[in-house]
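1. no sequence for this one, just the structure:
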């Protein structure tokens with residue numbers, strides 16, 4: 001089974017929490033950490049933007065990535081939400097076993 005860590009930014013901590021609750025509640029993610037105050041500099045609409053955002057660090061199975069991205073787009077206030085997946089190369093066996101269970105249709109934990 002392959003796992004990924006997904007980075008998603010949101011306009012506020014409240015928006016991040018709303019998205020995180022949906023992803024975990026729907027078993028699209030096992031865990032979401034929210035870093036409430038990150039500074040993001042990015043190119044948008046012809047100029048450099050400098051904003052405060054919240055960053056979500058999402059742990060999930062690679063097989064769920066397509067559904068997760070679709071759900072984020074449904075819930076997100078941005079027209080182009082950041083959803084970047086990085087492969088999880090290694091982790092403790094116990095954590096990865098838990099993550100697999102937490103992202104199944106019928107989690108045991």
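-> Everything's here; your move. Computed from a prediction, not measured in an experiment: that's the story for all the values here.
2. Provide a complete list of residue ranges assigned to helices in this structure.
-> Remark: helices assigned in the chain by DSSP state H are 13-25, 65-75, 93-102.
3. Now render these as JSON lines, adding mean neighbour count, distance to residue 38 and mean pLDDT.
-> In short, each C-beta sits where N, CA and C put it, glycine included. Shown next, in JSON lines, are those (neighbours: other C-beta atoms under 10 Å; distance: least, C-beta to C-beta, whole Å; pLDDT from 0 to 100):
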{"stretch": "helix 13-25", "mean neighbour count": "18", "distance to residue 38": "10", "mean pLDDT": "98"}
{"stretch": "helix 65-75", "mean neighbour count": "15", "distance to residue 38": "17", "mean pLDDT": "98"}
{"stretch": "helix 93-102", "mean neighbour count": "14", "distance to residue 38": "24", "mean pLDDT": "96"}
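4. Any chance of JSON lines for those helices, columns distance to residue 31?
-> Formatted as JSON lines, those follow (distance: least, C-beta to C-beta, whole Å):
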{"stretch": "helix 13-25", "distance to residue 31": "7"}
{"stretch": "helix 65-75", "distance to residue 31": "13"}
{"stretch": "helix 93-102", "distance to residue 31": "7"}
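5. Compare those helices and give me the one nearest residue 51.
-> helix 13-25 (12.8 Å; C-beta to C-beta).
6. Just want the angle from the closest one to helix 65-75.
-> If you take axes from the mean of the first three to the mean of the last three C-alpha atoms, to 10 degrees, helix 13-25 sits at 140 degrees to helix 65-75.
7. now what about helix 13-25, what contacts it?
-> Contact partners of helix 13-25, identified using C-beta atoms under 8 Å, 6 or more residues apart in numbering, comprise 8, 10, 28-32, 34, 36-37, 54-56, 58, 60, 68, 71-72, 75-77, 102.
8. give the contact list for residue 40.
-> The neighbourhood of residue 40, defined by C-beta under 8 Å, 6+ apart, consists of 9, 49, 50, 51, 52, 53.
9. make it 10 Å
-> Neighbouring residues of residue 40 by C-beta atoms under 10 Å, 6 or more residues apart in numbering: 9, 49, 50, 51, 52, 53, 54, 55, 82.
10. Many thanks, have a good one.
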